[in-house]
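1. below are the sequence and a predicted model for it; my questions follow.
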Amino acid sequence: MRKSLVTLVAVAALGATASGCGSSSGNSGSTAAQPLRILLLAPISSSVLGPNAQTAVNAAKAAEAVVNKAGGVLGHPIQLTIEDDAGDPTTAVTKLQSALASSDKPAVFIQADASPEAEAELPILTQSKIVSFNQAPTATSSDPTSAPYNFDLSPSTANYAAAFCPAIKAEGAKTFAIIHGDDAFADPEAAAIAQQCQAQGLKLTGDQQFELTALDLTPQLSALEAGHPDVLVDSSYGAPSGYLLNDLNRLQWKVPVLGDDAFMVSPVITSPPPSGLLGTSLEANVKALVFASTAYSPNEPAAVKDMVSGMKALGPIPAPLILAYAYDAVILASAGAKAAGTTTDGVKIAHAVQTLKAGTYQTAIFPAYHFTATSHAANIDPTAFAFVKPSKVVDGQFGAPGSS
C-alpha cells in the first residue's frame with residue numbers, strides 16, 4: 001500500500017548536480033502565455049491501488065481549485081492533467097515520455113504511485129529538467145546530486161522514528177521493546193527508533209523481527225515480555241497487526257502498544273468485528289502514529305478543512321488522507337512558480353521550492369516541508385505527527401464524527 005512496503009533499488013545518477021538549479025531550463029515558451037502545467041500519474045485502474053490513486057487524484061484537483069480560485073499562478077491557471085499508469089513502471093514511462101514530447105509539456109510532475117515507478121521516472125525527469133514531487137522515496141530520490149529537481153513528500157524513517165520518542169515518554173515509560181515485520185521499511189524504521197529513543201534516555205529491552213507470512217507472533221512476544229518493557233512499539237501491516245493483538249491477549253500481556261502508520265491503516269485495526277478488531281478489548285491499550293492532519297479536530301488548520309471539503313465535493317474519499325500528498329504537491333509547485341516568477345522554467349521553480357520558507361505556503365498534509373540544498377527529503381518535524389486510538393476512517397480522517 002505504501003512506499004514502505006516496496007523494496008528500494010538505487011537509481012543510476014545521470015551526472016546532474018544541485019548546482020544545475022542556476023542554469024537555464026529545458027522548457028520553452030513565454031511565461032506570460034503559459035499556465036502552470038502539472039502532470040500526475042497514478043494507478044487509477046489498479047484493483048488493489050485504485051482507492052489510493054483516486055484519493056491522490058482528488059487531492060490534487062482540490063488543490064488546483066484552491067489555487068485557481070485565488071487567481072492562479074502569476075495570473076494564469078494551473079492546468080492539471082491526470083494519467084493512469086495502472087501501477088506499471090513501463091506504462092508510467094510511456095505516459096511520461098508522451099507528455100514530455102507534446103506541445104503542452106508539463107513543468108511539474110506528481111508521482112502518486114510506488115517506488116518502482118519513481119525509479120523508472122526520475123532519470124527521465126532529471127534529464128528533462130522537470131520539477132517532481134514524489135510520494136514514494138527511492139534510495140536516491142532525496143539526493144540533489146542525483147535528482148536535483150525532485151522533492152520527496154513522504155517522511156523518512158528518521159522522521160517517523162523521531163515521533164515515537166516523545167510518544168513513549170508521554171506514556172510515562174522509561175523502557176520499550178520493538179517488534180516489526182521483515183520488510184524494506186520496517187527494518188530501518190525499527191533501527192532508527194531504537195537509536196533515537198535510546199539517545200533520549202529511554203532503554204531498549206528487546207527487538208524482535210517476524211516474517212511477513214508469520215501466522216503466530218507468540219514466540220517473539222514471549223521473548224519481549226521477559227524484558228518487562230513499559231511500552232511495546234510495533235511496525236506491521238495487514239493480518240500480522242491482528243495476530244499481534246490476538247497473541248498479546250493469549251499471553252495476557254497488557255502492555256501499551258504504539259503502532260506505526262502502517263499498523264493504523266491495516267483493515268483489521270480500523271474495521272469492527274467480524275472482519276476486524278475495532279471497538280474490542282484487544283485495542284484497549286493501543287495507539288498508533290498518524291499524520292496530525294489525518295486526525296480529525298474541529299479546530300484543525302484552514303488548509304486541512306479546505307482540502308477535505310474540496311475532496312468531498314469531488315466524491316467520497318476512499319482512502320486515508322495519508323495518501324493525499326498530491327494536495328501539498330500542487331500547493332508547493334504553485335508557491336515555487338510564484339517565487340521563481342515563471343510557470344515554465346523547471347530549474348528556476350526547483351530552486352525556488354528548495355528555498356521556500358515555512359509560512360509562505362498553505363500545505364495541508366504537513367504544515368511545512370524542510371528542503372535544503374543538500375537534502376530534498378521532506379524532513380518533517382515530529383510535531384506534525386500524532387498518536388491516536390484506532391478508529392474507522394471517515395472522510396479520510398481518524399476520529400472524525402461517525403468513526404466510533
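-> Okay, I see it. Here the structure is a predicted model, which is why all the values come from computation and not from measurement. Numbering: from 1, shown residues only.
2. quickly find the element holding residue 335.
-> Assigned by DSSP states H and E, residue 335 falls within helix 325-340.
3. immediately after that helix, which helix or strand?
-> Assigned by DSSP H and E, the successor of helix 325-340 is helix 346-354.
4. show me the shaky parts of the protein.
-> The model of the chain has pLDDT under 70 over residues 1-33, 404.
5. centroid-nearest residue for it?
-> For the chain, residue 154 is the residue whose C-alpha lies nearest the centre (CA atoms, centre = their mean; 3.5 Å).
6. all the helices of the stretch 101-250 of the chain, in order from the start?
-> For the stretch 101-250 of the chain, applying DSSP state H, counting those that start in this stretch gives helices covering 115-128, 157-170, 186-199, 218-225, 239-251.
7. okay, the ones you listed in a markdown table with distance to residue 258 and mean neighbour count next?
-> For glycine as for every other residue, the C-beta is placed from the backbone atoms N, C-alpha and C. Below are the helices of the stretch 101-250 of the chain laid out as a markdown table (distance: least, CB to CB, whole Å; neighbours: other CB atoms under 10 Å):
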| stretch | distance to residue 258 | mean neighbour count |
| --- | --- | --- |
| helix 115-128 | 26 | 22 |
| helix 157-170 | 6 | 20 |
| helix 186-199 | 10 | 19 |
| helix 218-225 | 13 | 17 |
| helix 239-251 | 12 | 20 |
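8. picking that back up, and the helix holding residue 335, how far out from the chain middle?
-> On the basis of CA atoms, centre = their mean, to the nearest Å, helix 325-340 is displaced by 16 Å from the centre of the chain it belongs to.
9. and the angle for that helix with helix 346-354?
-> 110 degrees (axes from the mean of the first three to the mean of the last three CA atoms, to 10 degrees).
10. packing partners for helix 325-340?
-> strand 36-42, helix 50-69, strand 78-84, strand 108-111, strand 131-134, helix 302-312, helix 346-354 (3 or more CB pairs under 8 Å, 6 or more residues apart in numbering; DSSP states H and E).
11. nearest to residue 188, of those?
-> The closest of these to residue 188 is strand 131-134. By CB to CB, the value is 18.1 Å.
12. which residues sit against the closest one?
-> 107-111, 118, 121-122, 125, 141, 147, 149-154, 325-326, 328-329, 332-333, 336, 346, 349-350, 353 (CB atoms under 8 Å, 6 or more residues apart in numbering).
13. about what we covered before: wait, doesn't the residue nearest to the centre of the chain sit right on residue 135?
-> Yes - counting by CB atoms under 8 Å, residue 135 is a contact partner of residue 154 at 5.3 Å.
14. which among the helices of the stretch 101-250 of the chain is found nearest to residue 306?
-> Among these, helix 157-170 comes nearest to residue 306, with 24.4 Å by CB to CB.
15. gap between residue 370 and residue 290?
-> The gap separating residue 370 from residue 290 is 20 Å, by CB to CB, to the nearest Å.
16. more neighbours: which of the two?
-> Each of residue 370 and residue 290 has its neighbours counted (other CB atoms under 10 Å); residue 290 has more, 26 against 14.
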